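Student: whatever this is, show me its structure:
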Amino acid sequence: MRETSERGWREATERALYGPGGFYRRPEGPAGHFRTSVHASPLFAAAVARLLCRVDVALGRPEVLDFVDLGAGRGELVQGVLAALPDGVAARTRAYAVEVADRPEGLDGRIAWRAEVPEGVTGMLFANEWLDNVPVDVAETDRAGVPRLVLVAPDGTERLGEPVTGADAEWLARWWPLAADEGLRAEIGLPRDRAWAEAVGRLERGLAVAVDYAHTLGTRPPYGTLTGFRAGRETAPVPDGTCDITAHVALDACAAGGSTHGTPRLLTQREALRALDVTGARPPLTLATTDPAAYVRALAAAGAAAELTAPGGLGDFVWLLQPAGLPEPPL
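Tutor: Okay, the predicted model is just below:
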C-alpha cells in the first residue's frame, strides 16, 4: 500500500535519506548526484591534510593523531587526506570514516568505518557538507503571522500544521525571527546545533571543522533554502528517497552550541583555502618555455584551485572552526 501520511519535514527527511532504502544508502553514494569540493579536486583533500598537520603541531605531535571524516560518503576525503599526508604524520594517523551507509569495497584498510563519531578524539574532526543533511523542520507564517510547522506528504505536497512551540519556537525567536508577513519560511536548525555540539563533545583535544553553504543572523533568506538534488541537477525536495534533501545551515547558531569547547571562528572557504596555500594563482609564463610539462600541470592546478575558491560557487562555503583544548584554531 502506498504511504500517504503527512509529517513534519524533519521526520519525512530522516526517513527519505536514512531509512531502509533511503537516498544515502543507495550504492552510487552522494557523488552520483552532486559534486562537492572533495570531488572537484584532490587539492581540497591536500589542503585538509595541511590543516591536520597544523593541528598535529599545535597538539605537540601526539603518539596517535586522529582524523575523523564525518559524513564520509564513500570515503573519498579521508582517503585523499591519508594520501596527502607526509609519511611520518600518516604513520601516526588513525583514520575514521563516519557514515550510515555500508563500508564500500576497496576502501583503504587503514580507515575504520563507523556509524558514529568515536569518543576521545585527539586530532581533527572534519564534517564536509554534513550538517546540511541533518534533517530539520520547516516553519511558515500563516495569514495571522503565526509560524506554523509545515507538513509534507511523500509526494512533496505541503500544508500548514500546528503553531511552532517549545524549544523550536525559542530557537526561531533567537536565531531566525520571522516577520508577521504571510508565507515567510525558516528551517528550524535546533537539531543541527545539537548534532554539532554532540560531535564536538567527542573531541578531547584538537579541532572540529564544519563546511557548508550557510547563512548568519543578518542574512537569513526570507523563504528558506530547502531543496533537492538528483543526478547532478537541483530538483524539488520530495521525501520519497529518490533525491537528496538539503538546506543551508545557520552556522552561527551551531557555533554558539559548540562554544563551550573553545572559541569558534567562521570564515569563507575562499579565505580558508587561501590560508592553506590553495590560491588559484596562474604559473609564470616563463615556465611554459623552460618546462612545458610543469607549466601544464601548474595551470591545471590553478584552474582547480580557482574553482574551489570561486565567489558565487564553492568559495562561498563557510568553514566553522571549533577548537577543543587549544587556545585558538590553527588557521
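
Student: any low-confidence regions in the protein?
Tutor: 1-4, 28-35, 259, 280-285, 287-288, 291-292, 294-302 (pLDDT under 70).

Student: try it again with 80
Tutor: Along the chain, the model assigns pLDDT under 80 to residues 1-4, 26-35, 232, 257-262, 280-305.

Student: tell me the domain ranges of it?
Tutor: Split into domains by automatic domain parsing, the chain comes to 33-135+189-213+248-324, 138-185.

Student: report the distance from the first one to the chain centre.
Tutor: A distance of 9 Å separates the C-alpha centroid of domain 33-135+189-213+248-324 from that of its chain, computed with CA atoms, centre = their mean, to the nearest Å.

Student: if we can go back for a sec, please identify the deepest-packed of the domains of the chain.
Tutor: Of all the domains of the chain, domain 33-135+189-213+248-324 has the most neighbours on average by mean count of other CB atoms under 10 Å, namely a mean of 19. (Glycine included, C-beta is placed from N, CA and C.)

Student: does residue 268 touch residue 316 like I think?
Tutor: Yes. Judged on CB atoms under 8 Å, residue 268 makes contact with residue 316 at a distance of 6.4 Å.

Student: these two touch, right, residue 154 and residue 12?
Tutor: Yes. Judged on CB under 8 Å, residue 154 makes contact with residue 12 at a distance of 7.5 Å.

Student: quick one: common contacting residues for the two?
Tutor: residue 239 (CB atoms under 8 Å, 6 or more residues apart in numbering).

Student: can you identify each of the helices in this structure by residue range?
Tutor: 9-18, 37-40, 42-58, 76-84, 87-92, 166-175, 190-201, 251-257, 269-275, 286-290, 292-309 (DSSP state H).

Student: residue closest to the middle of the chain?
Tutor: Centroid check for the chain by CA atoms, centre = their mean gives residue 129 as the closest residue, at 2.1 Å.

Student: mind listing what that one touches?
Tutor: 36, 71, 211, 212.

Student: next, the second one: phi, psi?
Tutor: Spelled out, it's residue 71. phi 80, psi 60 (degrees, to the nearest 10).

Student: name all residues that make contact with it.
Tutor: Contacts of residue 71 (CB under 8 Å, 6+ apart): 98, 99, 127, 128, 129, 130, 133.

Student: if we use 10 Å, what do you get?
Tutor: Residue 71 makes contacts with 24, 30, 36, 77, 97-100, 126-134, 199, 210, as judged by CB atoms under 10 Å, 6 or more residues apart in numbering.

Student: do the same with the first one
Tutor: For residue 36, the set of contacting residues under the criterion of CB under 10 Å, 6+ apart consists of 30, 44, 71, 73, 76, 77, 128, 129, 211, 314, 317.

Student: gap between it and residue 165?
Tutor: 36 Å (CB to CB, to the nearest Å).

Student: again, but for residue 68
Tutor: For residue 68, the distance to residue 165 - CB to CB - is 36 Å.

Student: among the domains of the chain, which is nearest residue 238?
Tutor: Ranking the domains of the chain by proximity to residue 238 (CB to CB) places domain 138-185 first, at 3.9 Å.

Student: relative to the whole chain's centre, how far out is the closest one?
Tutor: Between the centre of domain 138-185 and the centre of its chain there are 25 Å (CA atoms, centre = their mean).

Student: is it correct that residue 48 is in contact with residue 76?
Tutor: No. Using CB atoms under 10 Å as the test, residue 48 is too far from residue 76 to be in contact (11.4 Å).

Student: so what's in contact with the two at the same time?
Tutor: 38, 69, 128.

Student: tell me the contacts of residue 183?
Tutor: So residue 183 contacts 140, 141, 142, 143, 222, 223 (CB under 10 Å, 6+ apart).

Student: touching, the fifth one and residue 182? I think so.
Tutor: No. Under the criterion of CB under 10 Å, residue 222 is not in contact with residue 182, lying 11.8 Å apart.

Student: show me which residues of stretch 12-22 are buried.
Tutor: 12, 13, 14, 15, 16, 17, 18, 22 (16 or more other CB atoms under 10 Å).

Student: mind listing what the first one touches?
Tutor: To tie it back to what came earlier, the one meant is residue 12. Applying CB under 10 Å, 6+ apart, we find residue 12 in contact with 5-6, 135, 137-138, 150-154, 156, 237-240, 245.

Student: any idea what the closest residue to residue 52 other than its chain neighbours is bridged to?
Tutor: Distances taken as CB to CB, 6 or more residues apart in numbering put residue 124 closest to residue 52, at 5.1 Å, once the chain neighbours are dropped. According to DSSP bridges, the partner residues bridging residue 124 are residue 67, residue 207.
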